[in-house]
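Student: Test case, fold it:
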Amino acid sequence: MKKLFAAAIIVITLFASSFPALACTTILVGKNASADGCAYAGRTNDDPEMLSARLNIFPASDETGTYEYIDPENGLKLSLPKANRRCIILPVYDKSPDMWWESGFNDAGVGISATETISIRQEIQAVDPFTKKGMCEGNIPRLVLPYISNAREGVLYLGNMVKQYGMTSGEAVAFIDNDEIWYMEILSGHQWAAHRLPDDEYACIGNDCLLDFYDPDDSQNWMGSDNVVELTKQAGTYTELDGKFHLALSYATDKRDYSQLRVWASRRYFNNAAADSYNVNTQYTFSVKPNRKIALQDIFALTRDRHENTPWATDISGHTRPIGIDRTGQVHIFQYKKGTVPVMWSCLSAPEFAVYLPVYNNVTSIPQGLTVSTPDYNEDSFSWQLRLISDLAVTNRSQYSQLVRAPFKKLENQFIQQVKRVPNPTADEADKALVEANNDAWDCMNKVKINLITKVSKDTVLATKNLGRD
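Tutor: Down below sits the predicted model:
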């Protein structure tokens, strides 16, 4: 068995070395668009290299005064309050505890997903350039989540920081609480806009601006920086559609398959778009009402989508950009419903061949295997065990997929039913539920791993038995 594991690690290394640098997909679902009355917000976190993920608790503090925060990557310096809220975070492996939190929710019940990298026109950057020592995607959750009490406040808090310190690149951030989901796009060095997701609609965004008809007079549903419209006039990119100012057309680069295909995938899932209906030039609205109510399992499925059964199927049509990309480092889906404890559904690897775990907002401890994150393979890491399974399964999807997907899907359905049965756990109950989910997942992973490695080994022997050499 040790030899089989060694062979598996070699496979992982070969696949890891071939990954290009790509990015993320955000999925938002309003409470009246979902099948269970919950609001959902989350994102696939796609990494440019082999990174592992973990869960962690950032403790609360009631200390007075401030301290100096220094970004270890670009040298940004700023003062942060020592007093902060407790946060449960889902970072990817990093060298600093103050970077790359990626997602999390705090003890006020606010969730953040940061960031979705978005592509901005050069004309905009010429007028308001991104700043080398400004805020970056790697530190946004750390600088914001410990200090906010609701989603709307999160947008304003981050907006003020962008105004003061500038931004290093175009990024988008989602905030969620028991009442609202807000999606915020940082559109230049200092300009931004944010929109409240309508309760009966959903949105799917893939690395391009998608906010549309910005209305500064509608403060209930829109927020933005002071010059977010005026800047486009200075840059010569101001664009209207149907007589109204359009953010994406004014700020975004030209449409590209890289992003448009993923938006179209959501339309196939939730609005019955035909499998051959894709057109890169489609001007999508930011959000839309679904043709049917969206279940949590549907969201999981969308994070795994590879354009199967369409002319754009990733495995047969070449380098198309699916949502379910092999080198996703982690995925998080926040589940919110007033009167219940929020849940962060956490997938610590590429979701196609991984399992989502429910993490209640009031857990007080994290099982050890979920906290282990290293740059190299670690047999004690939940994330690395999922990665091992995934990188074996992708070598032959037609032969190996069901060995992984079927048991993991069964386990996820078990977890979903558990959350429905216990929507308001105490902290002790939340801790116990996470321990049990973790144990069940490890048992399932071990069985899947053994079955998968056995199948891979048998197939290897059959493929080489007539080569005339060992």
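
Student: Mind jotting down where the strands sit in the stretch 301-450 of the chain?
Tutor: 328-336, 343-347, 357-360 (DSSP state E, counting those that start in this stretch).

Student: Could you dump the ones you listed into CSV and include mean pLDDT, distance to Asp305 and mean neighbour count?
Tutor: Quick note: C-beta positions are derived from backbone N, CA and C, even for glycine. Formatted as CSV, these follow (pLDDT from 0 to 100; distance: least, CB to CB, whole Å; neighbours: other CB atoms under 10 Å):
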stretch, mean pLDDT, distance to Asp305, mean neighbour count
strand 328-336, 96, 12, 28
strand 343-347, 98, 14, 26
strand 357-360, 98, 21, 24
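
Student: pretty sure Ser373 is touching Ser381, no?
Tutor: Yes: contact criterion CB atoms under 8 Å: Ser373 and Ser381 qualify, at 6.6 Å.

Student: In the sheet, which residues pair with the nearest residue to Ala437 once chain neighbours are set aside? Tell me.
Tutor: Spatial nearest neighbour of Ala437, excluding adjacent residues (CB to CB, 6 or more residues apart in numbering): Leu357 at 5.3 Å. For Leu357, the beta-bridge partners under DSSP bridges are Ser346.

Student: Contacts only, for Leu357.
Tutor: Taking CB atoms under 8 Å, 6 or more residues apart in numbering, we find Leu357 in contact with 345-348, 370, 415, 434, 437-438, 441.

Student: And those residues, which of them are buried?
Tutor: Buried by 16 or more other CB atoms under 10 Å: 345-348, 370, 415, 434, 437-438, 441, out of the contacts of Leu357.

Student: So Tyr183, which state does it fall into?
Tutor: strand (DSSP: H, G, I helix; E, B strand; the rest coil).

Student: all helices for the protein, in order.
Tutor: 2-16, 122-127, 140-144, 151-165, 230-235, 247-251, 257-271, 296-303, 314-317, 368-371, 382-393, 397-421, 427-464 (DSSP state H).

Student: out of the ones you listed, deepest packed?
Tutor: When those are scored by mean count of other CB atoms under 10 Å, the highest mean neighbour count falls to helix 382-393 (a mean of 25).

Student: got the CA coordinates for that one in CSV?
Tutor: Provided in CSV are the C-alpha atoms of helix 382-393 (Å, rounded to 0.1, in the frame of the first residue of the first chain):
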residue,chain,number,x,y,z
PHE,A,382,-7.8,16.6,5.2
SER,A,383,-7.1,18.8,2.3
TRP,A,384,-4.2,16.8,1.0
GLN,A,385,-6.1,13.5,1.3
LEU,A,386,-8.9,15.0,-0.9
ARG,A,387,-6.2,16.2,-3.3
LEU,A,388,-4.7,12.8,-3.5
ILE,A,389,-8.1,11.3,-4.4
SER,A,390,-8.9,14.1,-6.9
ASP,A,391,-5.6,13.9,-8.8
LEU,A,392,-5.9,10.2,-9.2
ALA,A,393,-9.5,10.4,-10.4
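
Student: wait, which of the helices of the chain is closest to Asn74?
Tutor: Among the helices of the chain, helix 151-165 comes nearest to Asn74, with 10.9 Å by CB to CB.

Student: The closest one: how far from the chain's middle?
Tutor: 20 Å (CA atoms, centre = their mean, to the nearest Å).

Student: and what of stretch 338-346?
Tutor: 16 Å.

Student: same check, this time on stretch 289-300
Tutor: Counting by CA atoms, centre = their mean, stretch 289-300 comes out at 17 Å from the chain centroid.

Student: And it, end to end?
Tutor: 19 Å (CA to CA, to the nearest Å).

Student: Make 131 the first number, not 1, from now on.
Tutor: Shifting the count to begin at 131 puts that one at stretch 419-430.

Student: List the contacts of it.
Tutor: Residues contacting stretch 419-430 (CB under 8 Å, 6+ apart): 157, 159, 163-166, 168, 170, 172, 330-332, 399-402, 463, 465, 475, 481, 486, 542-543, 546.

Student: 6 Å instead?
Tutor: Stretch 419-430 has contacts (CB atoms under 6 Å, 6 or more residues apart in numbering) with 157, 159, 163-165, 170, 330-332, 400-402, 463.

Student: Spit out the contact partners of Pro497.
Tutor: 565, 568.

Student: Give me the distance between it and Asn568.
Tutor: Applying CB to CB, to the nearest Å, the value for Pro497 to Asn568 is 4 Å.

Student: next one: Glu360
Tutor: 52 Å.

Student: check contacts around Phe343.
Tutor: Phe343 touches Lys374, counting by CB under 6 Å, 6+ apart.

Student: Check what pLDDT it gets.
Tutor: Reading off the confidence values, Phe343 has pLDDT 98.

Student: Next: Gly234.
Tutor: Reported pLDDT for Gly234: 98.

Student: likewise Trp394?
Tutor: In this model, Trp394 carries a pLDDT of 98.

Student: was I right about it contacting Tyr408?
Tutor: Yes: counting by CB atoms under 6 Å, Trp394 does reach Tyr408; the two are 5.0 Å apart.

Student: give me every residue that touches Arg173.
Tutor: Contacts of Arg173 by CB under 6 Å, 6+ apart are 154, 156, 243.

Student: For Leu275, state which of those is nearest.
Tutor: Out of the contacts of Arg173, the member with the shortest distance to Leu275 (by CB to CB) is Ser243, at 10.4 Å.

Student: So what pairs up with that closest one in the strands?
Tutor: Ser233, Ala304.

Student: Next up, the contacts around it.
Tutor: Applying CB under 6 Å, 6+ apart, the residues near Ser243 are 173, 233, 304.

Student: confidence score at it?
Tutor: The model's pLDDT for Ser243 equals 98.

Student: ok, now how distant is it from Gly319?
Tutor: Counting by CB to CB, the gap from Ser243 to Gly319 is 22 Å.

Student: ok, now Gln548?
Tutor: On the measure of CB to CB, Gln548 and Gly319 end up 46 Å apart.

Student: low pLDDT regions in the chain?
Tutor: 131-152, 225, 596-600 (pLDDT under 70).

Student: and the residue nearest to Leu500 when sequence neighbours are not counted, how many neighbours does it have?
Tutor: Nearest residue to Leu500, sequence neighbours excluded (CB to CB, 6+ apart): Leu185, at 4.6 Å. Using other CB atoms under 10 Å, the number of residues around Leu185 comes to 27.

Student: Repeat that for the one 10 residues further on.
Tutor: Look at Gly195: counted by other CB under 10 Å, it has 8 neighbours.

Student: Setting aside sequence neighbours, what's the nearest residue to it?
Tutor: Per CB to CB, 6+ apart, closest to Gly195 is Lys212, 5.3 Å.

Student: which ones are touching the one you found?
Tutor: 191, 193, 195, 197.

Student: do Leu220 as well
Tutor: Per CB under 6 Å, 6+ apart, neighbours of Leu220: 185, 232-233, 460, 462, 476.

Student: mind redoing it with 8 Å?
Tutor: If you count contacts by CB under 8 Å, 6+ apart, then Leu220 has 183-186, 231-234, 460, 462, 474, 476, 478 around it.

Student: now Ser495
Tutor: By CB under 8 Å, 6+ apart, the neighbours of Ser495 are 187, 561.
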